[in-house]
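Asker: return atomic coordinates for the entry below.
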Amino acid sequence: MRTLLNRFIELLKWPVAVYMLISLPAYVQSFYLFNFMNLWSGAMLGGFFLFFISRGFMDTEMKTSMEIAAHEMTHAFFALLTLHKIKSIRVNPDNDGGSMSFEGEGNWLIIIAPYFFPLFGFAVMIAVSVYTHYAPSNLILNMIIGFFIAYHIDTVASQIHEKQTDLPKVSYKFCVMFLPSANIWAVCSMMAFNSRGWNGFWVYQSVISKLNERNWDYALYYIRQFLG
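Answerer: Numbers count the residues shown, from 1 in each chain. Here you go, the predicted structure:
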């Protein structure tokens, strides 16, 4: 089963990359067309800026250790999702990197996951869902979501560099096609969740689908005009 799943994911690699590339205009447009702004968004922005303020007071070694741990845990999370048994997760003592080992051959999704998926942010979304099942959402929770949106952006930005060993494994061409849209999707999905909960999350996915349809219609119209 695991082998079949890996092969299926590998078959999806370039179709997904092409889809994310041609969807980039829709993801950019979604910033303006999805109603992210409300009272809760203000609190989220407060948490966003709080992260960057607090980052200046963080111990450098502690910050690096947290980033490495989150990186390897995200690899591990996607390994588990694709039916791989985790053997070990390790952060090097000198904070120059880490490693995660698992059974099986793996796939591109495991490799690229830390560069677009906000694991801590996703965990906060799940935790907020459990909390708000019993009590109304409050501004503190919105600030926490904003804090982890900023953490995701900062972490991804610090991880993408020429010495990163994961990126060549999936190819730089794939990274250029996939990662910009994937990161906009991750951040905007968290913002949509912040504004309207899981309903907002799913509405945002619907907005992207409709924007893609509209953009395709425009593209086909202009192509016909050019050829006609």
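
Asker: list the helices and strands the top helix by length along the chain packs on?
Answerer: The residue-count maximum for a helix in the chain (DSSP state H) belongs to helix 172-227. Applying 3 or more CB pairs under 8 Å, 6 or more residues apart in numbering; DSSP states H and E, one finds that helix 172-227 contacts helix 2-22, helix 24-33, helix 39-55, helix 108-112, helix 119-132, helix 139-159. All C-beta spots, glycine's among them, are computed from the backbone N, C-alpha and C.

Asker: mind putting those into CSV with distance to Glu67, mean neighbour count and mean pLDDT?
Answerer: Formatted as CSV, the helices and strands packed on helix 172-227 follow (distance: least, CB to CB, whole Å; neighbours: other CB atoms under 10 Å; pLDDT from 0 to 100):
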stretch, distance to Glu67, mean neighbour count, mean pLDDT
helix 2-22, 24, 14, 93
helix 24-33, 25, 15, 88
helix 39-55, 11, 16, 84
helix 108-112, 17, 21, 94
helix 119-132, 11, 16, 86
helix 139-159, 5, 19, 90
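
Asker: in space, what's closest to the most centrally placed residue in the chain - neighbours in sequence excluded?
Answerer: Taking CA atoms, centre = their mean as the criterion, Phe117 is the residue nearest the geometric centre of the chain, at 2.9 Å. Using CB to CB, 6 or more residues apart in numbering and skipping the chain neighbours, the partner closest in space to Phe117 is Thr74 (5.8 Å).

Asker: got the CA positions of stretch 117-133 in PDB?
Answerer: Presented in PDB, the C-alpha positions along stretch 117-133 are these (Å, rounded to 0.1, in the frame of the first residue of the first chain):
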ATOM      1  CA  PHE A 117       3.300  23.600   5.300                       C
ATOM      2  CA  PRO A 118       2.900  25.500   8.600                       C
ATOM      3  CA  LEU A 119       2.900  22.500  11.000                       C
ATOM      4  CA  PHE A 120       2.700  24.600  14.200                       C
ATOM      5  CA  GLY A 121       0.000  26.800  12.600                       C
ATOM      6  CA  PHE A 122      -2.000  23.700  11.600                       C
ATOM      7  CA  ALA A 123      -1.700  22.400  15.100                       C
ATOM      8  CA  VAL A 124      -3.000  25.800  16.500                       C
ATOM      9  CA  MET A 125      -6.000  25.600  14.100                       C
ATOM     10  CA  ILE A 126      -6.800  22.200  15.400                       C
ATOM     11  CA  ALA A 127      -6.400  23.300  19.000                       C
ATOM     12  CA  VAL A 128      -8.500  26.400  18.400                       C
ATOM     13  CA  SER A 129     -11.200  24.200  16.800                       C
ATOM     14  CA  VAL A 130     -11.300  22.100  19.900                       C
ATOM     15  CA  TYR A 131     -11.300  25.100  22.300                       C
ATOM     16  CA  THR A 132     -14.000  27.000  20.400                       C
ATOM     17  CA  HIS A 133     -16.200  23.900  20.400                       C
END
